[in-house]
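[1] Sequence and predicted structure below; questions after.
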Amino acid sequence: MENEACLAAIRNQYNTLTRMERQIADYILENSSQVVNMNVAGLAAASGAAGSAVIRFCKTIGYPGFSRFRLALAMELASQPTPSLAVPLLSETDTSQDAARKVFASSVRTLQNTLSMLDFQVVDALVNELLSVERICLFGVGTSSPIAEDTCYRFLQLGLAASCYKDILFMPIAAMNMKKGELAIAISHSGRTQATLQALLLAKEQGATTAAITSYRTSPLAKAADYSLIAYPDDINYPVEAVSARLAHICILDALSVILTLRQGEEATAHLKTRNDILEKIRKKDEL
């Protein structure tokens, strides 16, 4: 794993860890500055686990071994901007201001972690697909549906043939009519939403290329897609689903849109000028 937000990786996969792996994870999350000075035996003893369990834990969250994990942890701790970004838990005694500050801090940390963990080889490959495919279909339900719709709008502005499907009855029908040379993008925080997963799998069966925007790299959606881009929300401390994940998903897709604009050059400029002219005419009508 090239990226260094390993604490985010632990939080991201926490709910899928075994009991012993969670025990190790809890110790690391609470004592991260001490762990960077430990060896395998030291962490095993401190967390009440076997050395072999520590090695398995490191591999589970994406590192080849403890040495690589410890190096990543040290680099992450050294690069943390300020202690203020360590987000405390919400409490029933929090004032409105306290709660708002914690939610904002959690969102900032989610965006930082997500950027740190983005695989830009996947980003570049997906941008190439977006520029070459005949048609793009976006799928998302619930809190992911407005993100899918917004992304579809942005792609259309750039002259790409894009459609958005949010209805669980329409989604499988649209997916089964996809074909080779087209791209299905499925958006789901959990990566386990059945309607979204089914749409991606159906599109893949028809020969379409598939991409997932989700928050868990071990989720069924992430594993099934040809390309997966993962957000790293703070779900342990802020269990209200997708509070910060929505922002991270939007930023990932906005980044793709901006990269597409840069890659298209004058062609994108022409499309955006046409869009602006159309919108200006609409605004002038509204002013009458």
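    Perfect, I can see it now.

[2] For Ala8, which non-adjacent residue is spatially closest?
    Using CB to CB, 6 or more residues apart in numbering and skipping residues adjacent in sequence, the residue nearest Ala8 is Asn113, 3.6 Å away. (Glycine included, C-beta is placed from N, CA and C.)

[3] From Phe69, how far off is Arg56?
    From Arg56 over to Phe69 the distance is 12 Å, taken as CB to CB, to the nearest Å.

[4] Tyr227 too?
    Tyr227 is 26 Å from Phe69, where distance means CB to CB.

[5] Those two: who's more crowded?
    Under the neighbour definition other CB atoms under 10 Å, Tyr227 and Phe69 were set side by side, and Phe69 has more, 26 against 19.

[6] what about stretch 43-52, how long is it end to end?
    Using CA to CA, to the nearest Å, the end-to-end distance of stretch 43-52 comes out at 11 Å.

[7] mind listing what's buried in that stretch?
    By neighbour count, and taking 16 or more other CB atoms under 10 Å as the criterion, the buried residues in stretch 43-52 are Leu43, Ala44, Ser47, Ala49.

[8] and if you look at stretch 52-71?
    Along stretch 52-71, the positions that meet the burial threshold by neighbour count (16+ other CB under 10 Å) are Ala53, Val54, Ile55, Phe57, Cys58, Thr60, Ile61, Gly62, Tyr63, Phe66, Phe69, Arg70.

[9] who touches it?
    For stretch 52-71, the external contacting residues (CB atoms under 8 Å, 6 or more residues apart in numbering) are 1, 6, 9-10, 13, 17, 20-21, 24-25, 35-36, 38-40, 43-44, 47, 49, 72, 217.

[10] Would you mind measuring the gap between the ends of it?
    Its first and final residues considered, stretch 52-71 spans 19 Å by CA to CA.

[11] still on that earlier bit, is the residue nearest to Ala8 located within a helix, as I assumed?
    Yes. For Asn113, which was evaluated using DSSP: H, G, I helix; E, B strand; the rest coil, the result is membership in a helix.

[12] from what I can see it touches Cys6, true?
    No. No contact is recorded between Asn113 and Cys6 when judged using CB atoms under 8 Å, the distance being 9.9 Å.

[13] Looking at those two, which has the bigger crowd around it?
    A count of neighbours by other CB under 10 Å puts Cys6 above the other of Asn113 and Cys6, at 28 against 25.

[14] thinking again about what came up before, nearest to Leu77 among the buried residues of stretch 43-52?
    The closest of these to Leu77 turns out to be Leu43 (CB to CB; 15.3 Å).

[15] element containing that closest one, please.
    Secondary structure assigned from DSSP states H and E places Leu43 in helix 40-47.

[16] Could you name the helices and strands sitting against that helix?
    Helix 40-47 is packed against helix 19-30, helix 51-60, with contacts defined by 3 or more CB pairs under 8 Å, 6 or more residues apart in numbering; DSSP states H and E.

[17] any chance of these in TSV, plus distance to Glu280 and mean pLDDT?
    Converted to TSV, these look like this (distance: least, CB to CB, whole Å; pLDDT from 0 to 100):
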stretch	distance to Glu280	mean pLDDT
helix 19-30	52	93
helix 51-60	54	93
